[in-house]
Structure formats: structure tokens, C-alpha cells
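Visitor: The sequence and its predicted three-dimensional model are supplied below.
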Amino acid sequence: MAATSGDYQCQTLLGELLSKGQGAAVAAALPPREVAIDIVSSDSVQEDAIATEADSVLHVVAAAGDGKRYLESAEVIYGKARQLLVATNSNGDTPLHCAARAGNRKMVARLIELVADDKSIGGGEEKARELLKMQNKRGETALHEAVRFGDTKMVKAILKMDTDKQLARLDAKDGTSPLYLACSLGHREIARKLHEHDKMLSYSGPHGQNALHAAVLNDKSEVLLWLHETSYEIAYV
């Protein structure tokens with residue numbers, strides 16, 4: 001489908017952004033593939049995610065950066081085609097996954113805000129929580145990506161919207177929980193934030209392991225000390 005005149009602003013913004021030396025950032029978060037530029041207008045976030053082989057324009061912008069122009073571009077795209085925020089690519093990633101993987105903290109916060117503040121869908125806090133819980137083909141949420149990147153503030157921005165305290169209980173398909181990931185990477189402060197947010201979070205890891213195994217096997221002494229200082233009965237988790 002050819003792009004309409006109404007799509008010109010989105011295409012122009014994308015062209016400007018991607019011509020400013022941002023190739024490395026995009027490549028880090030998005031495997032090389034065709035980008036879907038055409039945008040079909042929609043007034044609401046659809047109930048079911050849209051699956052596409054190509055990365056949408058919002059996937060690309062979300063991964064490319066989180067400066068003012070990127071944030072403005074994301075807002076323009078969302079305003080024209082809300083469904084792109086829940087669109088998934090061939091890896092099952094949403095634009096939120098891509099933003100978190102690239103470490104674009106402001107973009108992550110902005111994408112969440114766009115849904116949460118959307119009056120056209122009834123003040124979409126529930127929709128924002130649904131977006132946060134979306135899992136890619138590895139079973140990972142955007143929280144997994146934020147933990148892996150190691151940005152405590154980005155993790156906090158995600159947890160702020162997780163008002164029903166379910167996000168840190170979602171394990172990847174191989175059993176890896178956000179807490180296990182934080183412990184295996186030595187992110188003590190992130191592990192602490194996860195536990196403060198939800199005392200009933202998952203400790204699960206792959207191959208029957210748990211967060212304590214992760215700290216020991218990866219020689220993360222600070223995380224191991226933190227686990228010891230807490231009152232978890234982790235051996236029984």
C-alpha cells in the first residue's frame with residue numbers, strides 16, 4: 001500500500017532521525033530487516049496485537065533514541081495509528097521491548113504514558129498494564145529487557161505502572177524471571193527494587209535454578225550478600 005499524504009510527516013521525521021548517525025543504536029535493538037513505513041489510521045489500541053514480519057516505523061523510532069525529536073515522533077505515530085504500539089515483529093517484540101533493549105529510558109516512559117494518558121480509550125491504565133505484560137517469542141517482557149540493560153530508573157518507570165504487581169512474576173519461556181536475571185548480572189539495586197515492588201515476585205531461573213543459584217554461579221558477591229541479608233526462604237522457592 002502506498003503511503004498517503006497524511007503519512008508524510010511520519011516518514012519525514014523518520015528520515016531525519018535515521019540520518020543523524022543513529023545506525024548503531026537501531027542495529028543494537030533491531031535485527032536488519034524491512035521496515036514497514038505505511039501507517040493505517042486507527043482511533044484505538046486494538047485488543048489483539050498485530051503481528052508483522054517487518055518492524056513498524058514505531059519499532060524503529062523507539063529503538064533509535066529518546067531525545068526530544070524521537071519522543072515527538074513516537075507521539076505523532078501513536079496519534080495516527082495507536083495499534084502500532086502493540087504491533088509485534090517477527091521476534092514478537094513490541095516497540096516497548098525495542099526501546100528497553102536499546103536503553104532508551106525516556107522513550108520507555110513516554111510509550112507507557114501515551115497509553116496511560118489516552119482519554120480516547122478511557123484513561124488507558126489497564127491498557128498500559130497489558131502492554132507491559134506482552135511477551136515476545138522468548139517469553140520476555142520489556143521488564144526483562146530493562147533489567148538486562150541495567151538501568152535502575154528504567155526499571156522503576158516500568159514498575160510504576162505495574163499497579164497489580166504481576167510483572168515481576170512473569171518468567172520467560174526458559175524459566176528466567178526478572179529477579180534471576182538481575183542477580184545473574186550483578187544488578188543488586190535492580191534486584192532490590194524488584195523485591196520492594198513485589199514481595200511475591202518470581203525467583204525462577206532456567207534449568208530448575210533460582211536467584212540464589214544465579215548469584216553463586218556468576219560470583220556476584222554483592223548480590224549474594226543482599227540475598228543473605230533479606231529474609232527470603234529462597235531455598236524453598
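Guide: Arrived safely.
Visitor: quick one: buried residues of stretch 187-199?
Guide: Buried residues in stretch 187-199, defined by neighbour count with 16 or more other CB atoms under 10 Å: 187-188, 190-195, 197-198. Placement of C-beta: from N, CA and C, glycine included.
Visitor: Can you spell out the domain ranges of the protein, please?
Guide: Domain ranges of the chain: 1-164, 166-237, per automatic domain parsing.
Visitor: Please give me every residue in contact with residue 170.
Guide: When contacts are counted by CB atoms under 8 Å, 6 or more residues apart in numbering, residue 170 touches 133, 135, 139, 141, 143, 177-178, 202.
Visitor: how about the residues you listed in CSV, adding distance to residue 54?
Guide: Formatted as CSV, the contacts of residue 170 follow (distance: CB to CB, whole Å):
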residue, distance to residue 54
133, 24
135, 20
139, 22
141, 22
143, 25
177, 31
178, 29
202, 33
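Visitor: out of those residues, who has the most neighbours?
Guide: For the contacts of residue 170, the largest number of neighbours (other CB atoms under 10 Å) sits with residue 178, at 33 neighbours.
Visitor: Residue 131 versus that residue, what's the distance?
Guide: Distance, residue 178 to residue 131, by CB to CB, to the nearest Å: 16 Å.
Visitor: ok so, going back, show me which of the buried residues of stretch 187-199 is closest to residue 119.
Guide: Nearest to residue 119 among those is residue 197, at 27.3 Å by CB to CB.
Visitor: Could you report the separation of that closest one from residue 175?
Guide: Distance of residue 197 to residue 175, computed by CB to CB: 21 Å.
Visitor: where's residue 79 relative to residue 190, distance?
Guide: Residue 79 sits 33 Å away from residue 190, taking CB to CB as the criterion.
Visitor: now do residue 141
Guide: Residue 141 is 14 Å from residue 190, where distance means CB to CB.
Visitor: now residue 93
Guide: 21 Å.
Visitor: cool, and residue 174?
Guide: For residue 174, the distance to residue 190 - CB to CB - is 20 Å.
Visitor: repeat for residue 99
Guide: Applying CB to CB, one obtains 17 Å for the distance of residue 99 from residue 190.
Visitor: Helices of this structure, residue ranges please.
Guide: For the chain, the helices defined by DSSP state H occupy 8-18, 23-29, 57-64, 68-80, 95-101, 105-116, 125-132, 142-149, 152-161, 178-185, 188-197, 211-217, 221-229.
Visitor: now these in TSV, with mean pLDDT and distance to residue 89?
Guide: Shown next, in TSV, are the helices of the chain (pLDDT from 0 to 100; distance: least, CB to CB, whole Å):
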stretch	mean pLDDT	distance to residue 89
helix 8-18	55	16
helix 23-29	47	11
helix 57-64	95	6
helix 68-80	94	15
helix 95-101	98	8
helix 105-116	96	15
helix 125-132	92	15
helix 142-149	98	14
helix 152-161	96	20
helix 178-185	91	22
helix 188-197	91	26
helix 211-217	68	29
helix 221-229	52	33
